[in-house]
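**Q** Give the three-dimensional model of this entry:
(one chain, ligands or ions: 2)
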Amino acid sequence: MRITVIGTGYLGATHAACMAELGYEVLGLDIDPEKIATLSQGRTPMYEPGLDPLLEKHVTSGRLRFTTDWAEAGAFGDVHFVCTNTPQRKGEFACDMSYVESAFDLLAPHLRENAVVVGKSTVPVGSAARLAERLAANAPADIADSVELAWNPEFLREGYAVQDTLHPDRLVVGVRAGGRGEAVLRQVYAPMIAEGVPFLVTDYPTAELVKTAANSFLATKISFINAMAEVCEASGADVVQLSAALAYDERIGGKFLGAGLGFGGGCLPKDIRAFMARAGELGADQALTFLREVDSINMRRRSRMVELAREQCGGGFLGRRIAVLGAAFKPNSDDVRDSPALNVAAQIQLQGGQVNVYDPKAMDNARKLFPGLSFAPTALEAAAGAHVVLHLTEWQEFRDLDPAVLGEIVAERRVLDGRNALDPQRWRTAGWTYRALGRPGE
Ligand SMILES: NC(=O)c1ccc[n+]([C@@H]2O[C@H](COP(=O)([O-])OP(=O)(O)OC[C@H]3O[C@@H](n4cnc5c(N)ncnc54)[C@H](O)[C@@H]3O)[C@@H](O)[C@H]2O)c1
Ligand SMILES: O=c1ccn([C@@H]2O[C@H](COP(=O)(O)OP(=O)(O)O[C@H]3O[C@H](CO)[C@@H](O)[C@H](O)[C@H]3O)[C@@H](O)[C@H]2O)c(=O)[nH]1
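**A** Ligands and ions are numbered 1, 2, ... in the order given. Below you'll find the model as predicted:
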């Protein structure tokens, strides 16, 4: 069985390398020729732990290749995984489906008889049924009836993408009743199914909804604990202790109960918004009004961080130097899409602060997105002369910093922990004023 992966970004590049690791011959296709040139050399265009060696291994062996040629992809693949981006539409909550639609339209005329197209992108419920019709209309007339569509949402987390792809919690496939989708995907994922990974077969809309429901639940859990952080701030309680105590209840659990600057990235924020927009189209908007609150709580954490920083700067940012540690939306990733850290950095700069940002892996992406911000090549250089240090992405490198050493180069020993990840005692012992979201002051 030969596999193509259409759209080789964070999801697609990982999926392509992992399919090669499972033993398949794989051809990745993207409309970005630069990305394809990099991948063809066995290098990843982004930072994802563990992906580089896998990619290099399979590009070198010839099992994994990349192209920009749709005819080549159509002729090559028995199964085509579509992994293109589905961002938020500009000025709206709804999902921009144009990249997925264009991938389907460009691929369809080149499909071979019995080809199976598998959607992996996160899409609004109802998309697969519509795309199945579009596929049938655009495939060569003589083979159109034999072409099958399945929807197989992806649940990987950046930073753990390889592990999550090769050893997922579950595989969910939405198929057409009576079609070949289930059998073909059982074959593709046979090594994982043999390992005991649950393989759940359902219809298109349920499969699409599993994905958006999962991300909505995760976003809600984060916003729940951040709402508790607001109450902690008002009452003098400590959200870190609260969260730890809640986590002992197995019905609640401690995962995604980390209070701080909230969620960002290319998934949770845009997925809950697209879900609200789609529910509105379906006449079910009331069911998801709570997600608006989830979004608001999340965005308020960013404003609160700016407020706390302003307080620490004596009431205003003018003439103050602010060190920002972290630019990626989370550690172990170079992804800066909707990054809370960069959002805070930009707000402070707009209010007159002299911001200096450092991130271990996301500097290039951050510079492209916010060319007006200043960047420092190391954490120490970012902190030099700072009136306040903001810890906004919880990289291990920042937990390893020696507060005594950092204390020698800053203007004032004030640190704001936006991720509740530093050890307050360690910083306070080294003479720092340590403040964090949802925790009492000194
Ligand atoms: N990043 C994640 O952790 C993750 C996890 C699960 C699901 N998803 C979903 O997967 C999809 C892709 O996300 P991503 O983070 O990989 O995005 P991305 O922007 O990193 O990658 C998308 C790729 O698709 C390419 N592309 C765009 N239009 C194309 C077309 N018509 N034909 C071929 N290629 C095209 C782009 O050039 C880009 O390389 C989204 O729907 C996202 O919500 C992402
Ligand atoms: O307790 C927590 C956990 C996470 N976050 C933040 O939440 C965001 C998202 O984190 P995470 O979910 O780990 O990252 P993603 O890689 O965006 O993964 C999410 O989005 C993907 C794309 O849809 C899904 O596949 C994954 O299952 C889903 O976890 C980040 O900004 C984190 O800092 C918190 O604030 N508190």
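
**Q** domain ranges for this protein?
**A** 2-201, 203-442 (automatic domain parsing).

**Q** In TSV: these, plus mean pLDDT and mean neighbour count.
**A** Placement of C-beta: from N, CA and C, glycine included. Listed next are the domains of the chain as TSV, based on pLDDT from 0 to 100; neighbours: other C-beta atoms under 10 Å:
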stretch	mean pLDDT	mean neighbour count
domain 2-201	97	19
domain 203-442	98	19
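
**Q** Switch those domains over to TSV; also include distance to ligand 2.
**A** Shown next, in TSV, are the domains of the chain (distance: least, C-beta to the nearest ligand atom, whole Å):
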stretch	distance to ligand 2
domain 2-201	4
domain 203-442	3
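
**Q** just how off-centre is stretch 4-19 within its chain?
**A** 15 Å (C-alpha atoms, centre = their mean, to the nearest Å).

**Q** scratch that, stretch 86-102
**A** Mean-position distance between stretch 86-102 and its chain equals 16 Å (C-alpha atoms, centre = their mean).

**Q** Check stretch 312-325 too.
**A** Stretch 312-325 sits 29 Å away from the centroid of its parent chain (C-alpha atoms, centre = their mean).

**Q** let's number from 134 now, not from 1
**A** Okay, using 134 as the starting number, the last item reads as stretch 445-458.

**Q** So what touches it?
**A** Residues from elsewhere that reach stretch 445-458, judged by C-beta atoms under 8 Å, 6 or more residues apart in numbering: 442-443, 474, 477-478, 481, 484-492, 509, 512, 515-516, 518-526, 528, 531, 543-544, 547, 549, 566, 568.

**Q** make it 7 Å
**A** For stretch 445-458, the surrounding residues in contact (C-beta atoms under 7 Å, 6 or more residues apart in numbering) are 442-443, 474, 478, 481, 484-491, 512, 515-516, 518-525, 531, 544, 547, 549, 568.

**Q** Equivalent analysis for stretch 222-238, please.
**A** 139-140, 215, 217-221, 254, 256-257, 260, 264, 267-268, 271, 406-407, 409-410.

**Q** still on that earlier bit, who wins for proximity to ligand 1 among the domains of the chain?
**A** Closest to ligand 1 of the domains of the chain is domain 135-334 (C-beta to the nearest ligand atom; 1.8 Å).

**Q** Can you check the distance spanned by the closest one, start to finish?
**A** Taking C-alpha to C-alpha, to the nearest Å, domain 135-334 runs 22 Å from one end to the other.

**Q** That one and ligand 1, are they touching?
**A** Yes: interface with ligand 1: domain 135-334 contributes 139-145, 162-165, 168, 216-219, 232, 235-236, 239, 254-255, 287, 289, 291 (C-beta under 6 Å from any ligand atom).

**Q** Just the ones of those residues in strands?
**A** Among the residues of domain 135-334 next to ligand 1, the ones falling in strands (DSSP state E) are Ile139, Leu162.

**Q** tell me which element the residue of the chain most remote from its centre falls in.
**A** Taking C-alpha atoms, centre = their mean as the measure, the residue most remote from the mean C-alpha position of the chain is Asp275, 40.1 Å away. Using DSSP states H and E, Asp275 sits within no helix or strand.

**Q** Tell me which residues touch it, please.
**A** Residues near Asp275 by C-beta under 7 Å, 6+ apart: none.

**Q** For this protein, which segments count as strands?
**A** 135-139, 158-162, 197-200, 212-215, 249-252, 281-284, 304-307, 332-335, 454-458, 487-491, 507-508, 521-524, 547-550, 566-569.

**Q** Using PDB, write out the CA atom coordinates for the second one.
**A** By that I understand strand 158-162. Extracted C-alpha coordinates of strand 158-162, given in PDB (Å, rounded to 0.1, in the frame of the first residue of the first chain):
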ATOM      1  CA  GLU A 158       6.300   4.000   0.900                       C
ATOM      2  CA  VAL A 159       5.200   7.600   1.400                       C
ATOM      3  CA  LEU A 160       5.000  10.700  -0.800                       C
ATOM      4  CA  GLY A 161       4.400  14.000   0.800                       C
ATOM      5  CA  LEU A 162       3.000  16.900  -1.200                       C
END
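
**Q** excluding its backbone neighbours, what's nearest Gly369?
**A** Pro573 (5.4 Å; C-beta to C-beta, 6 or more residues apart in numbering).

**Q** looking at it, the one you found is touching Ser368, isn't it?
**A** No: between Pro573 and Ser368 no contact is recorded; they are 9.5 Å apart, counting by C-beta atoms under 7 Å.

**Q** any common contacting residues for those two?
**A** Going by C-beta under 7 Å, 6+ apart, no residue sits against Pro573 while also sitting against Ser368.

**Q** need the contact list for Ile139.
**A** Residues counted as contacts of Ile139 (C-beta under 7 Å, 6+ apart) are Leu162, Ala206, His213, Phe214, Val215, Cys216, Thr217, Ala236, Leu240.

**Q** cutoff 6 Å now
**A** By C-beta atoms under 6 Å, 6 or more residues apart in numbering, the contact set of Ile139 is Leu162, Val215, Ala236.

**Q** could you measure it against Asp371, distance?
**A** Distance of Ile139 to Asp371, given as C-beta to C-beta, to the nearest Å: 48 Å.

**Q** What of Glu234?
**A** Using C-beta to C-beta, Glu234 is found at 49 Å from Asp371.

**Q** Would you state the helices of the stretch 334-483 of the chain in chain order?
**A** For the stretch 334-483 of the chain, applying DSSP state H, counting those that start in this stretch gives helices covering 337-368, 372-380, 401-414, 422-445, 473-483.

**Q** which residues are contacting the last one?
**A** I take that to be helix 473-483. Defining contact as C-beta under 6 Å, 6+ apart, one finds that helix 473-483 is touched by 394-395, 397, 435, 438-439, 450, 455, 457, 459-460, 469, 488, 490, 499, 503, 506, 525-526.

**Q** Apply 8 Å and report the result again.
**A** Residues outside helix 473-483 that contact it (C-beta under 8 Å, 6+ apart): 394-397, 434-436, 438-439, 442-443, 450, 455, 457, 459-462, 469, 488, 490, 492, 499, 502-503, 505-506, 523, 525-526, 551.

**Q** what angle do it and helix 401-414 make?
**A** 100 degrees (axes from the mean of the first three to the mean of the last three C-alpha atoms, to 10 degrees).

**Q** Need the nearest residue in space to Glu167, chain neighbours excluded.
**A** Leaving aside its chain neighbours, Glu167 sits nearest to Pro178 (7.6 Å; criterion: C-beta to C-beta, 6+ apart).
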